[in-house]
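Undergrad: next one to model:
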Amino acid sequence: MPVHTPYTPPSDPLVFLHVDEWLIVADKPAGLLSVPGRGPEKADCARSRADEAYPGALTVHRLDMATSGLLLFARTADIQRALSKAFEQGEVAKTYLADVWMAPEEANGLIDLPLITDWPNRPMQKVDHEIGKPSQTRFEIIDRHAAASRVKLIPLTGRSHQLRVHMAELGHPILGDQLYAHDLARNMVTRLHLHASELGFRHPVTGEDVQFVAPCPFETA
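TA: Model (predicted):
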């Protein structure tokens, strides 16, 4: 069962990597909600901080609270619709870095496991081969260590908790994962070792192919 703890957003600022008149790219710290949660105590989030710096900032996509890395905001409703459509149609290239328990035997591969909400244990997700939604993740081992390894993860679909569930089902949960990791992997580090490191897409106004990179903020355990 999920363990609910008080929301204590980090004081680390939202770092803006790119700002133009149409969109904003920010580097979200771990522990900060992407959008407001329920109740005034959960009003502090990436969107509110972006809106404070650049009034009118609109959400395009989200990261789990425990995940750090690249977030995209739109500055007009038309741009928000265009970018949201690009995400829905798989036209946005997303790359994550993660430290996982041990390492898969294969140097790279495709995880193809359908996912569905585990309703009695929300917000957890689970694999369901009968009614789960198609979910695919490519992985590539970057560096192997005795107890943990760094992997590059590329989601081909955008299901909730997809990367976390897929790696746990593979037997290599992401370190620090409070929902899906076993005790050893969960307690090896002080935060979830998952970071949205790269984001690439076609700029909805200029038509230019743009690529953004956020350096990984944690060391391999």
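
Undergrad: so how far is the first residue of stretch 145-164 from its last?
TA: Distance between the two ends of stretch 145-164: 20 Å, counting by Cα to Cα, to the nearest Å.

Undergrad: in the chain, which spans are strands?
TA: For the chain, the strands defined by DSSP state E cover 15-19, 23-28, 58-59, 68-74, 93-101, 108-112, 115-117, 125-127, 136-144, 148-155, 194-202, 209-213.

Undergrad: what strands line up against the last one, and which way round?
TA: Strand 209-213 has its sheet partners listed here by DSSP bridges as strand 194-202 (antiparallel).

Undergrad: what's the strand it pairs with in contact with?
TA: Contacts of strand 194-202 with the rest of the structure, by Cβ atoms under 8 Å, 6 or more residues apart in numbering, involve 25, 28, 63-64, 66-72, 83, 86, 91-98, 163-164, 174, 177, 208-218. All C-beta atoms are positioned from the backbone trio N, CA, C, and that covers glycine.

Undergrad: narrow the residues you listed to those that are buried.
TA: By neighbour count, with 16 or more other Cβ atoms under 10 Å, these hold 25, 28, 63-64, 66-72, 83, 86, 92, 94-98, 163-164, 174, 177, 212, 214, 216-218 as buried.

Undergrad: so, low pLDDT: which residues of the protein?
TA: Where the chain drops to pLDDT under 70, the residues are 1-4, 221.

Undergrad: most centrally placed residue in this protein?
TA: residue 63 (4.1 Å; Cα atoms, centre = their mean).

Undergrad: residue 26 contacts residue 52, correct?
TA: No: the criterion here is Cβ atoms under 8 Å, and residue 26 misses it with residue 52 at 11.9 Å.

Undergrad: more neighbours: these two, which one.
TA: Between residue 26 and residue 52, counted using other Cβ atoms under 10 Å, residue 26 has the larger neighbour count: 26 against 10.

Undergrad: tell me the contacts of the more buried one?
TA: 14, 15, 16, 17, 46, 50, 70, 71, 73.

Undergrad: and the third one, how far from residue 57?
TA: With distances defined as Cβ to Cβ, to the nearest Å, the gap from residue 16 to residue 57 amounts to 10 Å.

Undergrad: for the last one, same thing?
TA: Taking Cβ to Cβ as the criterion, residue 73 is separated from residue 57 by 4 Å.

Undergrad: what sits up against the top helix by length along the chain?
TA: Looking across the chain with DSSP state H, the single longest helix is helix 77-88. Here helix 77-88 makes contact (Cβ under 8 Å, 6+ apart) with 22-23, 58-61, 72, 74, 92, 158, 201-202, 204-205.

Undergrad: list the buried residues in that helix.
TA: 79, 80, 82, 83, 84, 86.

Undergrad: need the strands of the chain in a markdown table with distance to residue 182, can you?
TA: Shown next, in a markdown table, are the strands of the chain (distance: least, Cβ to Cβ, whole Å):
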| stretch | distance to residue 182 |
| --- | --- |
| strand 15-19 | 33 |
| strand 23-28 | 27 |
| strand 58-59 | 33 |
| strand 68-74 | 22 |
| strand 93-101 | 8 |
| strand 108-112 | 18 |
| strand 115-117 | 19 |
| strand 125-127 | 16 |
| strand 136-144 | 19 |
| strand 148-155 | 13 |
| strand 194-202 | 16 |
| strand 209-213 | 32 |
